[in-house]
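A.B. asks: 3D, please:
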Amino acid sequence: MFTGAISRFELPSALAETLLNDYRAGFPSACVLFLDAAQTLSSLRAAGLKLGLITNGSVRMQGAKLTCLALAPMFDTILISDAEGISKPEREIFDRALGRLNVNPAHAVFVGDHPDVDVAGARAAGMRAVWRRDPTVSRVVEADAVIEELGDLLTLLMVGLPTAKIKKRKDSNG
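C.D. replies: Take a look at the predicted model:
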């Protein structure tokens, strides 16, 4: 990205590395949680659910974001693609998360915002997939459920009730 911008604006080529280093240094601390993320995760944990996180990216960048957002303590396991040597949507990274949580895929729900990497990857691993709608995606997304906000998970999973079920949906943009 920076190399292209340097070329386009005819700037000194050495500036690309400076920009990349500045981006890497500043981006993790500029991350902001969805407004309802901390409360939703706390409620899910209080309901006795096991929580895992799978993220694509480098350990340096993703680890810094997790630290800045104070998210790590909220999860029972965290898989960063760089450390795992595999990335979403590869089935193996989902299988590893399930194994570390000791959860059967049929009893797991994966929530993500990317239709192909998150939703399709989780479904290929035998998990139910919930798409957190991205308003920039206009195509139909084949997900088991669609949410607008993370807090919608609490209703969707019926946290606090004896059984949690997700209704199967074909047209997930509706």
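
A.B. asks: what sits against the closest residue to residue 118 other than its chain neighbours?
C.D. replies: Distances taken as Cβ to Cβ, 6 or more residues apart in numbering put residue 112 closest to residue 118, at 2.3 Å, once the chain neighbours are dropped. Backbone N, C-alpha and C define where each C-beta goes, glycine included. If you count contacts by Cβ atoms under 8 Å, 6 or more residues apart in numbering, residue 112 has them with 88, 118, 119, 121, 122, 129, 130, 131, 132.

A.B. asks: who are the neighbours in contact with the closest residue to the last one other than its chain neighbours?
C.D. replies: The one in question is residue 132. Closest residue in space to residue 132, ignoring its immediate chain neighbours: residue 113 at 4.7 Å, by Cβ to Cβ, 6+ apart. The contact partners of residue 113, by Cβ under 8 Å, 6+ apart, come to 131, 132, 133, 134.

A.B. asks: Please flag which of the residues you listed sit within strands.
C.D. replies: Among the contacts of residue 113, the ones falling in strands (DSSP state E) are 131, 132.

A.B. asks: Can you select the buried ones among the contacts of residue 113 for me in PyMOL?
C.D. replies: A single PyMOL command is used to select the members of the contacts of residue 113 judged buried by 16 or more other Cβ atoms under 10 Å:
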select buried, resi 131+132+133
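
A.B. asks: circling back: distance of the residue nearest to residue 132 relative to residue 21?
C.D. replies: Using Cβ to Cβ, to the nearest Å, residue 113 is found at 28 Å from residue 21.

A.B. asks: No more questions from me, cheers.
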